[in-house]
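**Student:** I would like the atomic coordinates for the input below:
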Amino acid sequence: MLNFLNHFTVPGVDHVMVFHDDQDPKQFYMVPELPSLLTRDDGSPSFSLISFARDFTLLADKATALPTAETEGGLLQLTTCLEVSQEDQQKIRQHIAGGMGRAMVPRLSGRRLTLMPAASLVGGDISLSYPTWVDGKVAFHLFPSGGATFIKAMEGSEKPSLVSSNLASYTALLGQEGLRLIRNAVEEGWSPGTINYTLSFVARIPNLKVHVWGESHDVYNEIKEHCTVVETYRSDGSTRTYRYPQVSSLTELRNLSSALHIEYDLGDFRTAAASGGEDPTKAIEDLVFNIVQQMVIEKFLSPGFEPGLKAEKLGTDPLAHGGGERMPGGNQLWLKDFEQRADATIDFTFEGTTNFLVEKHPTSELFAVIDREQVKKSIIEADLSKPYFTLLDVPVQVTADFDRDPIAAIKVFLEYDQEDEKGGGRKRQVEEFLFDSNEDRYFFRVVMARGADGTPKDEYTYRSQIIYKASAKSQDLAPVTTNDRNLIIGYDQLNCVNVAVYWGAIPADAVQQVQVSFRYPGVDLPSATADVVLRLDAPQASWFTYTGDHRSSEYEYDVTFFMTDGQRVTLPTQRSSTQRLIMNAPFEDKLRATFVPQGAFPPIASIVVTATYTDGDYEVSDVHSFAGVGDTWEWSVDLRDRSKREFTYRVDVTYADGSSSQGEPRTGAEGTVLVGDVARDMLQVEIVPTLLDMTKWKLVIVRLSYDDGAGTTAQHVAQLTAAPPDPAALKWVIPITDATKRGYTYQIQAYGNAGERHMVDPTPSTDSLLVLEF
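**Tutor:** Here you go, the predicted structure:
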């Protein structure tokens, strides 16, 4: 049987406690301290995460916005175990075969305890196995209080298998937030859950009596700071073990906690050491210490976090250890700010017999037992909107106007007949629908057969029968094979044409009415030709005709625009098969020009502008008269061809004396057009009074005048006083028609403070700077 007093760990396999058998020197038992995931036959861990997108068609149809709901979820499945890998078992065997570091191990013989060299007890083949598990529990904690958007349901083993490696399986249905949190955890490298085992097995010890008593509150506060805790984590393929402020011996525990009283009786222990043997007292104290430590931990500080314990109650970061460093886990033992109280008297007695029940608590984070890359490989993405059985669901409609058209009813016959090449047999469905109202709508539904590659066969056949109002004889149309998922049977499938025509973007100030002449070629029926007229007050018309045996829906039409000025614009013959025509003006663009008069009113009495645009048989001509300089004329023309943008204009000027100037036609362009006495250049003169002593002169008058002898005249007067002059008054700018005639005259009158005067008669000049000095 397993010898509780004789256990050890192997360097490199710190997460496995090895116990020796009390009788068979070749038999050893392995107790893993760290859970793991079951390894499948292909070497992959027994872990899978199915990330699925919901079928959106179950949430809303295509005409409705999706509701505020979860659109994705997940299914997490895993199988845990307490297993020692073959690689680690080989390390254990090598350590044992090497003498276990010359350790002295206790051996039980009846009720006698003997310490003997470990190397002297082992020989031959070494047998490794697991203890005989008596009882146990296992729990998988994942988002304990996140709500339904994290975990919707969880099922799994409450008890492990209690044989060999203690298998336990779990399945969790994750909500949208739970799935995203796990996938984020994989990317960021932190663990969202823990695996917690509680297992007991039978060990053999000599007769021993241990009595522990004290007040729980005092003991808790003393032990909390120093109780031995060991946590083991696996990360990036390596194993790390953390040991925190601890008590390592019974003597130290007694000295630490004065409120905890411990007594033990060696009972029938006898010392019968072999040659070189040692006193077994130390091993016995270690046994007592383990018993008391286990009692303290079980009573006060349960391993791991209790499910549902709210983080805000703990008073510090649950993932922060020691000096604040962040580690992938945590134990309630180091949450120094967390307070809890238990006022009770401890009175615990352990009386050992030959068999002793040992309890262990292997615990690990979820992602400490599986590599992040392995998790990524284990994620399966599924789109639930892709069905395995594909339904052919075809809405069927007829666009005939039963109220206005000469059609009484329409029958539609549909048939699906396909062989399933994946073993599903023959799929056949036949339906007949009667349409006699514009609101009728039916659905043709059948589960589709599959091809050899699994793709659905979506072809079906339909035919129509037309029942006319004015005829007792119906008309049957030929069958049509299609895979259309929305079957709308229009006039093109019913051997008739029905066209609605509308007044569109047409300028009513330029177009009075529009005539559309329809023809269906090859049919000698009265309805095959028709003229319809559209006006602003009658913007809609229609044309209906039978096509006989012709299946084509293409027709011809001519369009004539009747302009408000009496002109007609006829477009070339066009062909179409649309059932809806919108007549827009035959204009592609608009030409715009702004005419601005130039010259002095008087002597100009009026300026008359005649503007003309011509494009083949299309001509626009307008006349405008200007009676003042401030008047402008914006002229616009609708263009049939946007590339033709030139126009002509003629300017006639009449003067106040009765004379006139008849202009010649000129080519114009869009933009601003200057008309009349248009200046060819500008004359600028600046008066410079800097050299005048205005303390002497109280008023200086400067008169400027211009006359080119051809009708262009201008005057300007500037007055100077002791006050600073207006800069605008010192500058004179006039337009001139002849750039070579730049001469002007100036005249000066100056009046002094003492009564003196200075006069300058009209004097010609061409200098742009008139400097005053006198």
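
**Student:** Only C-alpha atoms from now on, for both contacts and neighbour counts.
**Tutor:** OK.

**Student:** any idea of the mean pLDDT for stretch 4-16?
**Tutor:** For stretch 4-16, mean pLDDT is 85.

**Student:** what number of residues lie near G147?
**Tutor:** Neighbour count of G147, defined by other CA atoms under 10 Å: 12.

**Student:** er, G423 actually
**Tutor:** Neighbour tally, G423, other CA under 10 Å: 11.

**Student:** Over to it. Which of the three states is it?
**Tutor:** coil (DSSP: H, G, I helix; E, B strand; the rest coil).

**Student:** Let me know the pLDDT of it.
**Tutor:** 85.

**Student:** Ramachandran coordinates for it?
**Tutor:** The phi and psi values for G423, taken as degrees, to the nearest 10, are phi 90, psi 10.

**Student:** do the same with N438
**Tutor:** Dihedral angles of N438 (phi, psi; degrees, to the nearest 10) stand at phi -70, psi -20.

**Student:** my read: it touches A400, true?
**Tutor:** Yes: with contact defined as CA atoms under 8 Å, N438 reaches A400; the gap is 7.0 Å.

**Student:** These two: which has the busier surroundings?
**Tutor:** A400 (22 against 13).

**Student:** you'd agree that one is up against D436?
**Tutor:** No: the criterion here is CA under 8 Å, and A400 misses it with D436 at 9.1 Å.

**Student:** tell me the strands in the stretch 551-700 of the chain, going along the chain?
**Tutor:** Along the stretch 551-700 of the chain, the segments classed as strands by DSSP state E, counting those that start in this stretch run 555-563, 568-570, 574-576, 580-583, 589-598, 604-615, 618-626, 633-639, 647-655, 660-662, 666-668, 671-676, 681-688, 697-707.

**Student:** In CSV, list the C-alpha atoms belonging to stretch 390-407.
**Tutor:** Presented in CSV, the C-alpha positions along stretch 390-407 are these (Å, rounded to 0.1, in the frame of the first residue of the first chain):
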residue,chain,number,x,y,z
THR,A,390,-31.3,23.3,-49.1
LEU,A,391,-34.8,24.5,-49.6
LEU,A,392,-35.9,26.0,-52.9
ASP,A,393,-38.3,28.7,-51.8
VAL,A,394,-39.5,30.8,-54.8
PRO,A,395,-42.1,33.6,-54.5
VAL,A,396,-44.2,33.8,-57.6
GLN,A,397,-45.9,37.0,-58.8
VAL,A,398,-47.5,38.3,-62.0
THR,A,399,-47.2,42.0,-62.9
ALA,A,400,-50.3,42.1,-65.1
ASP,A,401,-52.8,45.0,-64.4
PHE,A,402,-56.0,43.0,-64.1
ASP,A,403,-58.1,46.2,-63.6
ARG,A,404,-57.0,48.1,-66.8
ASP,A,405,-55.5,45.5,-69.1
PRO,A,406,-57.7,43.0,-71.1
ILE,A,407,-56.6,40.0,-69.0
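
**Student:** what's that stretch in contact with?
**Tutor:** Under the contact criterion CA atoms under 8 Å, 6 or more residues apart in numbering, stretch 390-407 has outside partners 408-409, 435-438, 440-448, 456, 458, 466-470, 484-491, 544.

**Student:** same thing but 7 Å
**Tutor:** Outside stretch 390-407, the residues within contact range by CA atoms under 7 Å, 6 or more residues apart in numbering are 408, 436-438, 440-448, 456, 458, 467-469, 485-491.
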